[in-house]
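In: here you go, sequence then predicted model.
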Amino acid sequence: MTIYSPDPALRQPLTLATVFPLFLGFYAQAVLAILPNTFIFKLLLLPFILWQAWRCAVGLDFGASLAQLPGYQGADRFVFLNFCFVVRFSRR
């Protein structure tokens, strides 16, 4: 079984526009949790939230975005942050 992972060179920088759909999904889930009789809507929203979380975890360049905060030009010191959300598939 072959599992294809995304190319790390194609990662986008971390901006508010890239994580906004994920936060919007979390907010909608919280609103649905308060309202009564919304179990079906919560189940329908769950795959969207999981897909957005996966896309943010494997498609965003955390190191490049955080390297700009202290004023570094290169992201070499912060590239390890891209591996914080690595999901490892292994066969036993």
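Out: Received the coordinates, thanks. A quick note: this is a predicted structure, and the numbers were derived from the prediction, not measured.
In: count of neighbours near the closest residue to Leu14 other than its chain neighbours?
Out: Leaving aside its chain neighbours, Leu14 sits nearest to Ser65 (3.7 Å; criterion: C-beta to C-beta, 6 or more residues apart in numbering). C-beta coordinates here come from the backbone N, C-alpha and C atoms, glycine included. Neighbour count for Ser65, taken as other C-beta atoms under 10 Å: 17.
In: what's next to the helix or strand where Ser65 lies, contact-wise?
Out: Assessed by DSSP states H and E, Ser65 sits inside helix 62-67. Outside of helix 62-67, the residues that reach it under the criterion C-beta atoms under 8 Å, 6 or more residues apart in numbering are 11, 13-15, 73-75, 77-82, 84.
In: show me which of these are buried.
Out: Buried by 16 or more other C-beta atoms under 10 Å: Arg11, Leu14, Ala75, Phe78, Leu81, Asn82, out of the contacts of helix 62-67.
In: tabulate those (TSV), appending distance to Pro47.
Out: What follows is the buried ones among the contacts of helix 62-67, written out as TSV (distance: C-beta to C-beta, whole Å):
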residue	distance to Pro47
Arg11	23
Leu14	23
Ala75	32
Phe78	32
Leu81	27
Asn82	25
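In: in helices, which of the residues you listed fall?
Out: Among those, no residue falls in helices (DSSP state H).
In: scan this structure for its longest helix.
Out: In the chain, taking DSSP H as the definition, the longest helix is helix 39-59.
In: packing partners for it?
Out: Applying 3 or more C-beta pairs under 8 Å, 6 or more residues apart in numbering; DSSP states H and E, one finds that helix 39-59 contacts helix 16-34.
In: gap between the helix it packs on and the chain center?
Out: Per C-alpha atoms, centre = their mean, to the nearest Å, the displacement of helix 16-34 from the mean C-alpha position of its chain is 13 Å.
In: roughly how far does the residue nearest to Arg77 when sequence neighbours are not counted sit from Leu81?
Out: Spatial nearest neighbour of Arg77, excluding adjacent residues (C-beta to C-beta, 6+ apart): Ala67 at 6.8 Å. Distance of Ala67 to Leu81, given as C-beta to C-beta, to the nearest Å: 9 Å.
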